[in-house]
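Q: need a structure here:
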Amino acid sequence: MNEKAIYISIGKRIKQLREERNLTQEKLAEKSGLSIDYIGKIEVNINQPGLKALIKIADALKVQLKEIFDFENL
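A: Residues are numbered from 1 along each chain as shown. Now for the predicted structure:
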C-alpha cells in the first residue's frame, strides 16, 4: 500500500467511525479541537493529517489510535 492509498484509507476510516457514532463533521471538529474544514478535507483526502491531529481525532471518537488504521472493514 503506497502513501496516497494509506491517507485515502485513513480518511475513509475516520468518516466510517464518525458516522457509526452519529457525529457530524461539525461535532467531531468541536470534540477534537480541529476545524470542520480540516476534518472534511481529511475525509476526502485533500489534507493529510499528522500524528497530533490523528490522536485528537481518535480521542474525540473514543477509539484507540490503531483503530483509525484498521482498513479491513472499509
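Q: only C-alpha atoms for contact and neighbour calcs from this point on.
A: Noted.
Q: what comes up buried for stretch 30-46?
A: 32, 36, 38-40, 42-45 (16 or more other C-alpha atoms under 10 Å).
Q: distance of Gly33 from Lys66?
A: 20 Å (C-alpha to C-alpha, to the nearest Å).
Q: returning to that earlier point: just name the closest of the buried residues of stretch 30-46 to Lys52, please.
A: Nearest to Lys52, judged by C-alpha to C-alpha, of the buried residues of stretch 30-46 is Ser32 at 10.5 Å.
Q: So in the chain, which helix runs the longest?
A: Ranked by number of residues, the top helix in the chain under DSSP state H is helix 3-20.
Q: contacts for it?
A: Helix 3-20 has contacts (C-alpha atoms under 8 Å, 6 or more residues apart in numbering) with 24-25, 28, 42-45, 48, 61, 68-71, 74.
Q: So which bits of it are buried?
A: Applying a neighbour-count criterion of 16+ other C-alpha under 10 Å, one finds 7-18 buried in helix 3-20.
Q: farthest-separated two in those residues?
A: Farthest-apart pair in the buried residues of helix 3-20 is Tyr7 and Arg18; separation 16.4 Å (C-alpha to C-alpha).
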